[in-house]
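Novice: show me the folded form of this:
(one chain, ligands or ions: 1)
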Amino acid sequence: MCGVIGICSKSNVSTSLFYGMNSLQHRGQEAAGMAVYDGEEIRRTRSMGLVIDAFTEEKLRELPGTIGIGHVRYATASGSHDYNIQPLMGFIGGEMIALASDGNLVNYQILRERLEEEGMMFQTTSDTEVILYLITRYYDGDIVEAIKKTMKVIRGAYSVTALVKDKVVAFRDPHGFRPFVLGRDGDDVIVASENAAIEIIGGEMTRNVEAGEILVIDGTGIHSDRFESEATARNCIFEYVYFARNDATLDDINAYTFRRRCGEILWEEAPCDVDLVVPVPDSGIPSAIGYAQAAGIPYGEGLVKNRYMGRTFIKPTQKEREMAVKLKLNPLVDVVKGKSIVLLDDSIVRGTTSRNLIKRLRDAGAREVHMRITSPPVAYSCYYGIDTPNRKNLIAANQSIQEIEENIGADSLAFISLEGLAKAGKKDVSEYCTACFDGDYPVDPTLI
Ligand code: AMP
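Specialist: Model prediction:
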């Protein structure tokens, strides 16, 4: 999980990239980087931390240029090291190239080992370096051909943006796992992981970058090509469940509307006779509104969120994860005391969040705490860029719903069905990647 942006403009882009990256911050908070072409060379700045910390006004001034790309990073497979901060850079036919990706290659290890045997020395532990290296290797003057040859070899999820001299190049894997959209602001062209990055700088999203599409954007316009493959689009359903912003309209589905519908559908599938519908903020809010309205039960903010906490999910030890949930969410006694409540959250992964919240809501005086989850049980690891832990740590891979209910201490527990989830997006289950729920992996993960 990461965020990417690329802008081709007639005026300076570094400030727009900075704002765009800020609006993609939820996709990665670990590091941020930007590369801008100033007419002669590509300059790059990268740093650990949030976008706001990584770039000062002075740093942005040192990055003049009308074409550039940016990246926010959430370390999944490759670990947290400054040498992995993107964009990565190299040389292609004597010219500089900068490249950044969102996703995860399932055959990274195999490709890396093969390339190392051939004598290649890697400078990172990021699969993005393999993409960069292969494009460079296949390049003989035609960037689109080099990308097509690269796409033949790499497997998995990738939404890539690159700066090749005076061009922004963007391409998306044949399944379109990770989101990628295209937009305009007058004559400026923008590609980004989510539409907010386009809108925030005054532009408008025009369409999706299609699965398997290769775009070359320069002063002459937008040139589209395709990587031919048998694969059909399988957008990641977890983007709608949890990951994307509420205002994201990805592959023609708005995340807020999707989440709200999930709440309505969950009410139909698993009604609950309670005094109050309470969301786990922020991701549970739209679905709790949907559930409450469908049920005709009042909606109440029974948990207060500390807005200054980062992600709690990937803290290394269980103790740290427990403390992080406490710091992040605190029950609001006045709202929940004496009430029977139903708590809406988007997912249960290890069970830490629900167990902790249910206990503390009871301590705060809630009479009954029922739990409703707007995704099916997460029973399989994701190999396409969503940071799910090893299968042995997924509570739903090891316990039945009844056992999870007891484990987290809920009065009742229900998950939305997979069909119900797909219905929220008005698509068929087969049009999404649902591997984390049903183990149906569109790209063989054993290539790892
Ligand atoms: P857990 O506490 O392990 O059961 O994780 C579930 C909580 O983590 C839910 O409240 C989700 O909103 C959140 N969550 C689910 N998937 C992810 C993810 N990939 N990264 C960060 N947070 C997540």
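
Novice: what comes up buried for the longest strand seen in the chain?
Specialist: Longest strand in the chain by number of residues (criterion: DSSP state E): strand 95-105. Judged by neighbour count using 16 or more other CB atoms under 10 Å, the buried positions of strand 95-105 are M96, I97, A98, L99, A100, S101, D102, G103, N104, L105. C-beta: built from backbone N, CA, C; applies to glycine.

Novice: with pLDDT and distance to A211 added, can I get these in JSON lines?
Specialist: As requested, the buried residues of strand 95-105 are exported to JSON lines (pLDDT from 0 to 100; distance: CB to CB, whole Å):
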{"residue": "M96", "pLDDT": "95", "distance to A211": "29"}
{"residue": "I97", "pLDDT": "97", "distance to A211": "23"}
{"residue": "A98", "pLDDT": "98", "distance to A211": "24"}
{"residue": "L99", "pLDDT": "98", "distance to A211": "19"}
{"residue": "A100", "pLDDT": "98", "distance to A211": "19"}
{"residue": "S101", "pLDDT": "98", "distance to A211": "15"}
{"residue": "D102", "pLDDT": "97", "distance to A211": "14"}
{"residue": "G103", "pLDDT": "96", "distance to A211": "12"}
{"residue": "N104", "pLDDT": "95", "distance to A211": "16"}
{"residue": "L105", "pLDDT": "96", "distance to A211": "16"}
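
Novice: out of those, the closest to the ligand would be?
Specialist: The nearest member of the buried residues of strand 95-105 to the ligand, counting by CB to the nearest ligand atom, is N104 at 12.3 Å.

Novice: show me what the closest one is bridged to.
Specialist: A157 (DSSP bridges).

Novice: okay, now T206: neighbour count?
Specialist: Neighbours of T206 under the rule other CB atoms under 10 Å: 14.

Novice: mind listing what the closest residue to Y383 other than its chain neighbours touches?
Specialist: By the measure of CB to CB, 6 or more residues apart in numbering, the closest residue to Y383 outside its immediate chain neighbours is P445, 4.1 Å from it. Each residue near P445 by CB atoms under 8 Å, 6 or more residues apart in numbering is listed here: V106, S381, Y383.

Novice: isn't the first one right next to P442, touching?
Specialist: No - V106 lies out of contact with P442 (CB atoms under 8 Å); the separation is 10.3 Å.

Novice: quick revisit: dump the contacts of P445 to CSV, plus distance to the ligand, pLDDT and neighbour count.
Specialist: What follows is the contacts of P445, written out as CSV (distance: CB to the nearest ligand atom, whole Å; pLDDT from 0 to 100; neighbours: other CB atoms under 10 Å):
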residue, distance to the ligand, pLDDT, neighbour count
V106, 17, 96, 22
S381, 11, 95, 20
Y383, 13, 94, 25
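
Novice: least confident secondary structure element in the chain?
Specialist: Lowest mean confidence among the helices and strands of the chain (mean pLDDT, DSSP states H and E): helix 318-328, at a mean of 85.

Novice: partner strands of the very next helix or strand once past that helix, parallel or antiparallel?
Specialist: Moving toward the C-terminus from helix 318-328, the next helix or strand (DSSP states H and E) is strand 329-331. Strand 329-331 has its sheet partners listed here by DSSP bridges as strand 303-305 (antiparallel).

Novice: list the buried ones in the partner strand?
Specialist: Judged by neighbour count (16+ other CB under 10 Å), strand 303-305 contains these buried residues: L303.

Novice: does the least confident helix or strand of the chain come close to the ligand?
Specialist: No - residues of helix 318-328 are not located near the ligand by CB under 6 Å from any ligand atom, the shortest gap being 6.8 Å.

Novice: just how off-centre is that helix within its chain?
Specialist: 22 Å (CA atoms, centre = their mean, to the nearest Å).

Novice: which other helices and strands contact it?
Specialist: Packing contacts for helix 318-328, counted by 3 or more CB pairs under 8 Å, 6 or more residues apart in numbering; DSSP states H and E, involve helix 352-363.

Novice: how about the helix it packs on: buried residues?
Specialist: Those would be T352, T353, S354, R355, N356, L357, I358, R360, L361, R362, for helix 352-363 by 16+ other CB under 10 Å.

Novice: closest to A32 among those residues?
Specialist: T353 (26.6 Å; CB to CB).

Novice: near the ligand, which residues of the stretch 51-200 of the chain?
Specialist: Close to the ligand, as judged by CB under 6 Å from any ligand atom, the stretch 51-200 of the chain has no residues.

Novice: which parts of the stretch 51-200 of the chain are helices?
Specialist: Assigned by DSSP state H, counting those that start in this stretch, the stretch 51-200 of the chain shows helices spanning 51-54, 57-61, 108-117, 127-138, 143-153, 196-199.

Novice: rounded mean pLDDT for the fifth one, please.
Specialist: Confidence over helix 143-153, taken as the mean pLDDT, stands at 98.

Novice: now do the buried residues in it.
Specialist: Here helix 143-153 shows I143, V144, A146, I147, K148, K149, T150, M151 as buried, counting by 16+ other CB under 10 Å.

Novice: now swap in the first one and tell me
Specialist: In terms of neighbour count (16+ other CB under 10 Å), helix 51-54 has its buried residues at V51, A54.

Novice: run the chain-centre distance for the longest helix seen in the chain.
Specialist: Taking DSSP state H as the assignment, the helix of the chain that covers the most residues is helix 255-269. Chain-centre distance of helix 255-269: 20 Å, with CA atoms, centre = their mean.

Novice: can you check stretch 183-201 too?
Specialist: 18 Å.

Novice: endpoints of that stretch, how far apart?
Specialist: End-to-end distance of stretch 183-201: 11 Å, with CA to CA, to the nearest Å as the criterion.

Novice: okay if I get the helices of the stretch 51-200 of the chain as CSV plus distance to Y432?
Specialist: As requested, the helices of the stretch 51-200 of the chain are exported to CSV (distance: least, CB to CB, whole Å):
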stretch, distance to Y432
helix 51-54, 30
helix 57-61, 38
helix 108-117, 24
helix 127-138, 23
helix 143-153, 21
helix 196-199, 22
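
Novice: can you tell me which of those helices is nearest to Q399?
Specialist: Across those, closest to Q399 is helix 108-117 (CB to CB), at 30.7 Å.

Novice: how near is the residue of the stretch 51-200 of the chain found nearest the ligand to S193?
Specialist: Using CB to the nearest ligand atom, the single residue of the stretch 51-200 of the chain nearest to the ligand is Y74, 8.0 Å away. Between Y74 and S193 the computed distance is 11 Å (CB to CB, to the nearest Å).

Novice: with K359 instead?
Specialist: Per CB to CB, K359 is found 36 Å from S193.

Novice: show me what the longest strand of the chain is packed against.
Specialist: Of the remaining helices and strands, those touching strand 95-105 by 3+ CB pairs under 8 Å, 6+ apart are strand 2-8, strand 31-37, strand 42-48, strand 67-73, strand 88-92, helix 127-138, strand 156-164.

Novice: could I get the ones you listed as JSON lines with mean pLDDT and mean neighbour count?
Specialist: What follows is these, written out as JSON lines (pLDDT from 0 to 100; neighbours: other CB atoms under 10 Å):
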{"stretch": "strand 2-8", "mean pLDDT": "98", "mean neighbour count": "30"}
{"stretch": "strand 31-37", "mean pLDDT": "97", "mean neighbour count": "28"}
{"stretch": "strand 42-48", "mean pLDDT": "95", "mean neighbour count": "19"}
{"stretch": "strand 67-73", "mean pLDDT": "97", "mean neighbour count": "30"}
{"stretch": "strand 88-92", "mean pLDDT": "96", "mean neighbour count": "18"}
{"stretch": "helix 127-138", "mean pLDDT": "97", "mean neighbour count": "22"}
{"stretch": "strand 156-164", "mean pLDDT": "98", "mean neighbour count": "27"}
